[in-house]
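K.L.:
quick one, what's the 3D model for this:
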Amino acid sequence: MQHHDPRDYQILFLSLFLVLGIGTRDWTLQPQFIGVAIATCLLTQYISLKLWSISKSKFSQGGFCTNVTPKPAPTDAPWHVSTLKTSLVSLKSAMITALGLSLLLRVDQYSTIILAGVLAILSKFLFRFQGKHFLNPANFGIISVLILTKDAWVSPGQWGEGGWYVLLFAGTGGMILKRVGRWDTTAAFFGAYALLEAVRNLWLGWTWDVWAHRLMSGSFLLFALFMLTDPRSIPNARVSRLLWAVSIAILTFILRNHFFMSTAVFWALFALSPLTLLLDWIWSSPRFVWRFPGYR
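P.N.:
Numbers count the residues shown, from 1 in each chain. The predicted structure is shown next:
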């Protein structure tokens with residue numbers, strides 16, 4: 001039986017969300033910026049992959065240890081990716097990053113979306129420990145341009161709270177999480193955050209429609225289902241993922257309700273991403289590898 005790469009479904013669904021957003025919800029979604037984001041991410045991924053492959057090849061064949069035969073690289077190592085077919089497969093992850101940027105980030109200048117795409121992809125090659133990148137690429141691109149430019153913003157409520165949108169996001173996201181096997185991360189994050197918001201809602205004596213409003217925005221669900229669960233940058237062990245996701249939920253709650261940051265989820269993920277390295281050290285577990293060859 002042939003197995004399908006879960007990234008194919010993710011690309012399909014994220015593309016569907018963009019089409020729906022352009023047609024029904026958000027007129028700030030501009031096709032030209034989406035095209036630039038996709039082209040930038042794909043080109044940066046391809047060039048970075050080639051340069052990384054060349055640098056590793058030169059290192060292994062250099063004059064440092066000429067009498068020693070280099071050991072074969074693991075199948076998910078970037079310098080092992082040499083064929084055109086495998087390089088094309090690796091572009092799927094760059095496509096997902098581009099779609100994520102297009103869905104969540106808003107800019108006025110082409111230079112800003114280009115900067116976001118380049119930095120997002122480069123983060124996978126620059127911020128690594130023992131062969132694993134620990135920053136979510138799309139999240140890093142968003143945070144980078146929010147810090148470096150005055151031209152970027154994120155609109156967390158852009159998708160509204162329509163019931164059929166919630167069902168669409170939850171259904172498609174759940175399908176992908178089942179295939180990837182990282183549903184526990186979303187469940188822990190969403191459950192912890194929902195509990196914190198429920199306690200606050202009771203404390204303030206608000207009606208439960210306020211609680212639902214804070215949980216059911218499309219952008220919040222996109223974050224929880226698609227960005228938070230990137231299997232290549234989150235902790236490997238289940239217990240690590242649960243602790244990590246709950247920590248992000250707590251920090252999101254604090255930033256959103258005490259510092260009034262509408263983009264709290266993105267800052268929380270960015271701040272706690274390095275915690276992945278510590279958790280992987282404490283609870284050792286096999287690293288996630290995509291079914292098909294290709295470097296993430």
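
K.L.:
which parts of the stretch 51-200 of the chain are strands?
P.N.:
105-107, 128-129, 132-133, 152-154 (DSSP state E, counting those that start in this stretch).

K.L.:
low-confidence ranges, the protein, go.
P.N.:
By pLDDT under 70, the low-scoring segments of the chain are 1-4, 24-27, 56-89, 155-181, 288-296.

K.L.:
centre-most residue in it?
P.N.:
residue 227 (3.6 Å; CA atoms, centre = their mean).

K.L.:
and that residue, how far is that from residue 114?
P.N.:
21 Å (CB to CB, to the nearest Å). For the C-beta atoms, the positions are set from N, CA and C on the backbone; glycine is no exception.

K.L.:
try residue 270
P.N.:
Note on residue 270: its distance to residue 114, by CB to CB, is 20 Å.

K.L.:
ok, residue 260 next?
P.N.:
Relative to residue 114, residue 260 is positioned 31 Å away (CB to CB).

K.L.:
of the two, which one has the most company?
P.N.:
residue 114 (20 against 8; other CB atoms under 10 Å).

K.L.:
who are the neighbours in contact with the more buried one?
P.N.:
Contact analysis of residue 114 by CB atoms under 8 Å, 6 or more residues apart in numbering lists 36, 40.

K.L.:
using CSV, list the CA coordinates for stretch 211-229.
P.N.:
Extracted in CSV, the C-alpha atoms of stretch 211-229 (Å, rounded to 0.1, in the frame of the first residue of the first chain):
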residue,chain,number,x,y,z
TRP,A,211,-14.7,32.3,26.5
ALA,A,212,-15.7,30.8,23.1
HIS,A,213,-14.8,34.0,21.3
ARG,A,214,-11.2,33.8,22.7
LEU,A,215,-10.8,30.2,21.6
MET,A,216,-12.6,29.9,18.3
SER,A,217,-10.8,32.4,16.1
GLY,A,218,-9.5,30.9,12.9
SER,A,219,-6.0,32.2,13.4
PHE,A,220,-5.8,30.7,16.8
LEU,A,221,-6.8,27.3,15.5
LEU,A,222,-4.4,27.6,12.6
PHE,A,223,-1.6,28.2,15.0
ALA,A,224,-2.6,25.3,17.3
LEU,A,225,-3.2,22.8,14.5
PHE,A,226,-0.5,23.7,11.9
MET,A,227,2.3,25.9,13.4
LEU,A,228,2.6,24.5,16.9
THR,A,229,2.8,20.9,15.7
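
K.L.:
scan the protein for its longest helix.
P.N.:
helix 31-60 (DSSP state H).

K.L.:
what residues of it count as buried?
P.N.:
Within helix 31-60, the residues that qualify as buried are 33-34, 36-38, 40-46, 48-49, 52-53, 56, counting by 16 or more other CB atoms under 10 Å.

K.L.:
show me what stretch 241-257 is in contact with.
P.N.:
Contacts for stretch 241-257 (CB under 8 Å, 6+ apart): 182, 184-186, 188-190, 192-193, 196-197, 200, 228, 234-235, 261-262, 264-265, 267-269, 271-272, 275-276, 279.

K.L.:
likewise for stretch 31-45?
P.N.:
Taking CB under 8 Å, 6+ apart as the rule, stretch 31-45 contacts 18, 22, 90-91, 93-95, 97-99, 101-102, 107, 110, 113-114, 116-118, 120-122.

K.L.:
among these, name the ones in helices.
P.N.:
Among the contacts of stretch 31-45, the members that lie in helices (by DSSP H) are 18, 90-91, 93-95, 97-99, 101-102, 110, 113-114, 116-118, 120-122.
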